[in-house]
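# The amino acid sequence is not available; the structure is as follows:
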């Protein structure tokens with residue numbers, strides 16, 4: 001009996017690199033166009049210099065939280081600062097400014113974090129913002145008003161059903 005001898009041919013697998021090269025060239029063209037647009041929009045100017053330490057991260061104890069206490073219909077019941085609740089009128093805002101001024105005198109790098117309910121109207125939030133800037137002026141010296149608005153991430157609010 002004769003053996004059946006068949007010649008087995010080896011096949012080679014090759015990747016077609018043409019689509020990858022096309023994508024690479026498209027990316028090069030895209031970045032070349034975008035970088036040209038960006039440089040045209042920039043205006044040559046000398047930017048302000050930051051005072052030494054103004055951009056430094058404050059200590060954990062250099063932070064106070066000022067809260068606008070929410071009430072019904074977008075109003076405010078008052079302003080809470082360090083466990084003390086001030087009235088939601090001009091006298092209360094002045095009391096907040098005096099308390100914050102003492103904080104600024106003790107630590108000129110004090111940060112004020114302002115919290116307000118999203119339903120509270122801005123006309124109740126604005127006096128708290130003004131009190132924080134007035135306090136730095138009252139404190140004098142090197143005090144700079146640092147006011148941060150406390151917000152919630154949109155993803156977290158959507159997840160919690162808010």
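Yep, it's here. None of these values were measured; they are calculated from a predicted model.

# from here on, contacts and neighbour counts on C-alpha atoms
Noted.

# Show me where this structure has its helices.
Secondary structure of the chain (DSSP state H): helices at 18-41, 90-106, 122-139, 154-159.

# can you point me to the longest strand in this structure?
strand 63-70 (DSSP state E).

# coming back round to it: of the helices of the chain, which is nearest residue 71?
helix 122-139 (10.5 Å; Cα to Cα).

# Helix 90-106 and that closest one, what's the angle between them?
40 degrees (axes from the mean of the first three to the mean of the last three Cα atoms, to 10 degrees).

# what packs against helix 122-139?
Packed against helix 122-139 by the contact rule (3 or more Cα pairs under 8 Å, 6 or more residues apart in numbering; DSSP states H and E) you find strand 63-70, helix 90-106, strand 111-116.

# which parts of that helix are buried?
Within helix 122-139, the residues scored as buried using 16 or more other Cα atoms under 10 Å are 124-125, 127-129, 131-139.

# Would you mind getting the angle between it and strand 111-116?
160 degrees.
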